[in-house]
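J.: Provided below are the primary sequence and the corresponding predicted coordinates.
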Amino acid sequence: MADKKKMSVAEILAAARQQDSGEGDATPSPAEAAPAAEEVVESAASAESPPAEEPAPATTMKPGERPSVKDILAMARSGESGAATKPAAPKAKAAAEKPAAAAKPKAPAAKKPAAKKEVAERKTTASILAAARRTSKAGPMSKAEAAKQPAAKPKAPPKPKRPVPPMPEKPAYAIPVEPPEVDQSRRTAMKAAGVTAIAAAALFGSALRLGFTSLATTLSLWGLATARFMFPNILTEPPSRFKVGFPDSFSPGVVETKFKAQFGVWVVNGSYRGEQQLYALSTVCTHLGCTPNWLEAEQKFKCPCHGSGFYKDGINFEGPAPRPLERYAIRIADDGQVEIDKSRRFQEEMGQWSDPASFVSV
Ligand code: FES
């Protein structure tokens, strides 16, 4: 066979078809076609690797008859089965790795489903051994596979517990000592002192705060006093000139005392040296400055301090008063009312009561 020219699968199949159709005399004889087909099938078998154990299909060719395509394929398969027994697994494996796409379109007979199934189920010796040595299957498995799995290893017996040594006794310094009982009265006194201290701290704060507070207060008072010193004193005395009403409101012989408290003056409608006048007497005693009182029943002014007495016209007649009461200036204002001016004084011993400004004739 080595000296013969090798034919491709396409050539073999073409020759077979020609033979089937009875054309051409150049069709190779069965003796020639069989080896060629054997080579082609061997190469196809090396690519598809059919199982070697399956028996080759029996041929229906009779002696002296031209083999059909089916017979040629059957012969090729029978020859491949013999080749499968050869230790040429690496060669077949290498041939299987070759791209069979080129051979497939040329050999449509090799694409039969039965042949595919045979090739898929074929296993090499190495893979069979590896599967046999494998103890467990990775991933999910069926019940049948699970039943084939070896039994789980028995659990290791539990380790014996190590004996725990007893706890040592507590040392003396670790034992808590109860505090001695405190006298209840002493505790109460301490509580009271604490409350007092807290109250004092709340009221006055710390000593430093108290000192600064005192200093701030003193400085504030000094500032206020300095500011007050910068302004003059203001006298709240009543005005020296004021009106007391119309002359008709003063009856003859009557001493009007209602202006004593506000203005310090008596308005008298009396007679002086035989002349009826309206004059204003000062309420200041000429002894030491006390304020005499008008005694209506006795018709005199009586000083409560040393007992000086004055008549209705103001002439002194008893007591230590050395001189008569003083008069203030009096006049009829533009509006007809009686106006008194305390800025001007008139003394009787000085002969000033004869001044027309010291009285109003009525
Ligand atoms: Fe009026 Fe002395 S003060 S009698």
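T.: Arrived safely, thanks for sending.

J.: the stretch 151-300 of the chain against the ligand: which residues are in contact?
T.: 285, 287, 288, 290 (Cβ under 6 Å from any ligand atom). Bear in mind the C-beta positions are built from the backbone N, C-alpha and C, glycine included.

J.: in CSV: those, plus secondary structure.
T.: Conversion of these to CSV gives the following (DSSP: H, G, I helix; E, B strand; the rest coil):
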residue, secondary structure
285, coil
287, coil
288, coil
290, coil
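
J.: could I have the buried ones of those residues as ChimeraX selection syntax?
T.: Here is the ChimeraX command that picks out the buried ones among those, judged by 16 or more other Cβ atoms under 10 Å:
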select :285,287,290
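
J.: for residue 325, state which of the residues of the stretch 151-300 of the chain next to the ligand is nearest.
T.: Nearest to residue 325 out of these is residue 285 (Cβ to Cβ; 7.9 Å).

J.: against residue 157, how distant is the closest one?
T.: Distance, residue 285 to residue 157, using Cβ to Cβ, to the nearest Å: 134 Å.

J.: so which strand or helix has the residue of the stretch 51-200 of the chain found nearest the ligand?
T.: Nearest residue of the stretch 51-200 of the chain to the ligand: residue 200, at 55.3 Å (Cβ to the nearest ligand atom). Residue 200 is part of helix 184-204, with elements assigned from DSSP states H and E.

J.: pull the CA atoms of that helix into CSV?
T.: The C-alpha atoms that make up helix 184-204 are tabulated as CSV, following Å, rounded to 0.1, in the frame of the first residue of the first chain:
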residue,chain,number,x,y,z
GLN,A,184,-25.3,60.5,112.1
SER,A,185,-25.2,63.9,113.9
ARG,A,186,-21.8,64.6,112.4
ARG,A,187,-23.0,63.7,109.0
THR,A,188,-26.0,66.0,109.4
ALA,A,189,-23.7,68.8,110.5
MET,A,190,-21.4,68.2,107.5
LYS,A,191,-24.4,68.4,105.2
ALA,A,192,-25.6,71.6,106.8
ALA,A,193,-22.1,73.1,106.4
GLY,A,194,-22.0,72.0,102.8
VAL,A,195,-25.3,73.6,102.1
THR,A,196,-24.2,76.8,103.7
ALA,A,197,-21.0,76.8,101.7
ILE,A,198,-22.9,76.3,98.5
ALA,A,199,-25.3,79.0,99.4
ALA,A,200,-22.5,81.4,100.3
ALA,A,201,-20.7,80.5,97.0
ALA,A,202,-23.9,81.1,95.1
LEU,A,203,-24.4,84.5,96.8
PHE,A,204,-20.9,85.8,96.9
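
J.: which stretches of the stretch 51-200 of the chain aren't confidently modelled?
T.: For the stretch 51-200 of the chain, residues meeting the criterion pLDDT under 70 lie at 51-65, 79-123, 131, 133-139, 182.

J.: if you set the cut-off to 80 instead, what comes out?
T.: For the stretch 51-200 of the chain, the stretches with pLDDT under 80 are 51-72, 75-143, 145-153, 179-183, 186-187, 199-200.

J.: make sure residue 151 is indeed in a strand.
T.: No: read with three-state DSSP, residue 151 is coil and lies in no strand.

J.: count of residues packed around it?
T.: Counted by other Cβ atoms under 10 Å, the residues lying close to residue 151 total 5.

J.: got the contact list for it?
T.: By Cβ atoms under 8 Å, 6 or more residues apart in numbering, residue 151 lies in contact with nothing.

J.: show the contacting residues for the nearest residue to residue 275 once chain neighbours are set aside.
T.: Using Cβ to Cβ, 6 or more residues apart in numbering and skipping the chain neighbours, the partner closest in space to residue 275 is residue 361 (7.0 Å). By Cβ under 8 Å, 6+ apart, the contact set of residue 361 is 275, 276, 277, 278.

J.: want to throw these into TSV with distance to residue 326?
T.: Putting the contacts of residue 361 into TSV (distance: Cβ to Cβ, whole Å) gives the following:
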residue	distance to residue 326
275	19
276	21
277	15
278	16
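
J.: who does residue 270 bridge with?
T.: Residue 270 has these beta-bridge partners by DSSP bridges: residue 277.

J.: my guess is it meets residue 253, correct?
T.: Yes: the criterion here is Cβ atoms under 8 Å, and residue 270 meets it with residue 253 at 6.3 Å.

J.: so between those two, which is more surrounded?
T.: residue 270 (21 against 12).
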